[in-house]
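Undergrad: model the following, please.
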Amino acid sequence: MQHRYSFMGALAMSLGCALLQPSAAADSPAPAAQMSIDDLKARLALTPEQQEKIAPLAEERRSKMEAIRSKLASATSRRDKREVMQEAKGIQEDFTSKVEPLLTPAQQTEWKKIREEMRAQMMERWRNRK
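TA: Below you'll find the predicted structure:
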């Protein structure tokens with residue numbers, strides 16, 4: 001049980017750290033974990049109405065995650081870092097719960113693929129960390 005707990009903690013840290021990284025430059029392809037609203041527009045083929053509704057949600061998430069990034073940088077103990085990561089997870093879950101109802105069934109399927117790719121990429125980062 002102790003081993004599983006430490007793995008889950010490391011996974012949560014990896015997930016959060018990937019979510020907390022700044023967006024990639026516009027001229028370079030964004031990794032899935034750093035997908036911008038423009039990438040989502042293209043990949044999900046969002047309608048102008050969907051873009052109008054999702055853009056403020058994405059901006060809200062971005063600003064909250066920046067605050068989390070600051071908290072994480074100042075967290076000194078594993079417990080503090082874990083609490084910050086739980087907060088980041090909550091922000092991401094809130095964003096997801098607000099975006100999913102705005103998507104068509106086909107877009108929801110693609111959205112789930114995007115999220116799975118993000119998780120896989122974060123797991124790979126966790127495995128390759130030094």
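
Undergrad: next helix or strand past the lowest-mean-pLDDT helix or strand in the chain?
TA: Lowest by mean pLDDT, DSSP states H and E among the helices and strands of the chain is helix 2-20, with a mean of 41. Using DSSP states H and E, the next helix or strand after helix 2-20 towards the C-terminus is helix 37-44.

Undergrad: for that following helix, buried residues please.
TA: Neighbour counts using 16 or more other CB atoms under 10 Å place 37, 39, 40, 41, 44 of helix 37-44 among the buried residues. C-beta here means a position set from N, CA and C on the backbone, and glycine is covered the same way.

Undergrad: next, format those as TSV and append distance to residue 121 and pLDDT.
TA: Below are those laid out as TSV (distance: CB to CB, whole Å; pLDDT from 0 to 100):
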residue	distance to residue 121	pLDDT
37	19	78
39	14	84
40	16	85
41	20	88
44	18	93
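
Undergrad: for residue 93, state which of those residues is nearest.
TA: In terms of CB to CB, no member of the buried residues of helix 37-44 lies closer to residue 93 than residue 40, at 17.0 Å.

Undergrad: would you check how far apart that closest one and residue 59 are?
TA: As judged by CB to CB, to the nearest Å, residue 40 and residue 59 stand 13 Å apart.

Undergrad: now stretch 75-82: buried residues?
TA: 81, 82.

Undergrad: longest helix in the protein, please.
TA: Ranked by number of residues, the top helix in the chain under DSSP state H is helix 48-74.

Undergrad: after that one, next one along is what?
TA: Next along the chain after helix 48-74, taking DSSP H and E as the criterion, comes helix 78-99.

Undergrad: pLDDT of that following helix, averaged?
TA: For helix 78-99, mean pLDDT rounds to 92.
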